[in-house]
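Structure, please.
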Amino acid sequence: MAKTKPTRSRKPDSAARRSPCPVACSLDILGDRWSLLVIRDLLLGRTRFKDFSASPEGIPTNILSERLVRLQQHEIIAQIPAADGTKHRAYQLTPKGKALGPMLKEMRDWGLKWEKGTRA
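Next up is the predicted model:
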C-alpha cells in the first residue's frame, strides 16, 4: 500500500511522539535550529515570510516554509491576510505561541549573562 504525503492542514499525531515527556514533546516541535527564531521574530513584530528570511541568521527559504507549516500544524502560529491589503499572507502567534514568550525571554537573558559578545 502506498504511503500518502501529509497535507498542510493535517494536525500532528500525538502517537508519533517519541515519549510522553513534556520536554521531549516540546523539543520534537521546537528543538530544531530555526523554529524558535521564527517565534522570536513574531514576538518582535515581524509577520511576513520576507521578514523571517531577512533575519541575520539566514534561514534558507525551503526550511522556512517547512517550519511555518509545522508551527501552523501545532497551532503555534496562524496564517492571516497581510495588513497592507495585498494578496500576500502574514503570520501571527496564537495564544499557544504567545505562551512561549517568557521562555524566549529567559533564553535571551541567559545568553546575555553567560555568552560573551551577545546583545539584545
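
Excluding covalently adjacent residues, which one is nearest to Asp32?
Ranked by C-beta to C-beta, 6 or more residues apart in numbering and with sequence neighbours excluded, the top spatial neighbour of Asp32 is Arg67, at 7.3 Å. To be clear about C-beta, it is placed using only N, CA and C from the backbone, and glycine gets the same treatment.

Backbone dihedrals for the closest residue to His88 other than its chain neighbours, please?
Nearest residue to His88, sequence neighbours excluded (C-beta to C-beta, 6+ apart): Ala82, at 4.5 Å. Note on Ala82: backbone dihedrals following degrees, to the nearest 10 are phi -70, psi 140.

so who does Ala82 touch?
By C-beta atoms under 8 Å, 6 or more residues apart in numbering, the residues touching Ala82 are Thr47, Arg48, His88, Arg89, Ala90.

If you rank those residues by neighbours, which is first?
Highest neighbour count within the contacts of Ala82, by other C-beta atoms under 10 Å: Thr47, with 20 neighbours.

And the residue nearest to Glu57 when sequence neighbours are not counted, how far from Leu44?
Closest residue to Glu57 apart from its sequence neighbours, by C-beta to C-beta, 6+ apart: Leu37 at 5.7 Å. Using C-beta to C-beta, to the nearest Å, one gets 10 Å for the distance from Leu37 to Leu44.

what does Ala99 give?
According to C-beta to C-beta, Ala99 and Leu44 sit 17 Å apart.

in the helix or strand hosting the residue nearest to Asp32, what's buried?
Per DSSP states H and E: Arg67 is located in helix 61-73. Going by neighbour count (16 or more other C-beta atoms under 10 Å), the buried part of helix 61-73 is Leu64, Arg67, Leu68, Val69, Arg70, Leu71, Gln72, Gln73.

Give the burial count for Leu27, as a bare number.
Per other C-beta under 10 Å, the neighbour tally for Leu27 reads 12.

secondary structure class for Arg40?
Here Arg40 is helix, with the state taken from DSSP: H, G, I helix; E, B strand; the rest coil.

Surely it and Leu104 touch.
Yes. Checked against C-beta atoms under 8 Å, the pair Arg40 and Leu104 is within contact range at 5.8 Å.
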